[in-house]
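Q: task: produce atomic coordinates for the following.
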Amino acid sequence: MTVAQWDICTAKVWDQDHPVVVLTPTALCRQPFLNVLGCSTLYSARQADLRHEITLDEADGLERPTLCKLSPIHLVEARDLHRLRGRVCAERQRQMGAQLIRLYGLWLG
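A: Residues are numbered from 1 along each chain as shown. So this is what the prediction gives:
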């Protein structure tokens, strides 16, 4: 399966299949291992902890609200990614990028 950065697929994280967001840059997505963010479908009114989580939804191609955890970043084998579910929308890409920079202290200084 060919993937790109910000695609939402299914992969095994936390010992079972979950939605994941591909974090690896598209130019590097042909490598055997990729960085992904683990997600879980929300079945309650729980709100995202804005320090390290973001909620994805229909705008991202998902059927139900889904909590994306920005920590930890998981390393998965590219061949284990399956079922393309959607793609993180542009606005949420900006939000996630800003949160990742703050969370991991990646700003230039």
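Q: so where is the chain shaky, pLDDT-wise?
A: Along the chain, the model assigns pLDDT under 70 to residues 109.
Q: now the helices for it?
A: Here the chain has its helices, by DSSP state H, at 90-104.
Q: contacting residues around the spatially most central residue of it?
A: Centroid check for the chain by Cα atoms, centre = their mean gives Val21 as the closest residue, at 2.3 Å. Going by Cβ atoms under 8 Å, 6 or more residues apart in numbering, Val21 touches 6-8, 36-37, 39, 56, 68, 88, 96. Placement of C-beta: from N, CA and C, glycine included.
Q: in space, what's closest to it - neighbours in sequence excluded?
A: Leu37 (4.4 Å; Cβ to Cβ, 6 or more residues apart in numbering).
Q: partners of the one you found in the sheet?
A: Bridge pairing for Leu37 (DSSP bridges) gives the partners Val21, Ile73.
Q: what about stretch 56-74, start to end distance?
A: Taking Cα to Cα, to the nearest Å, stretch 56-74 runs 18 Å from one end to the other.
Q: can you point out the buried residues in that stretch?
A: Of all the residues in stretch 56-74, those buried under the rule 16 or more other Cβ atoms under 10 Å are 56, 60, 62, 65-70, 74.
Q: of those residues, which pair is most distant in space?
A: Pro65 and His74 (20.8 Å; Cβ to Cβ).
Q: any idea how far Ala90 lies from Cys68?
A: Note on Ala90: its distance to Cys68, by Cβ to Cβ, to the nearest Å, is 15 Å.
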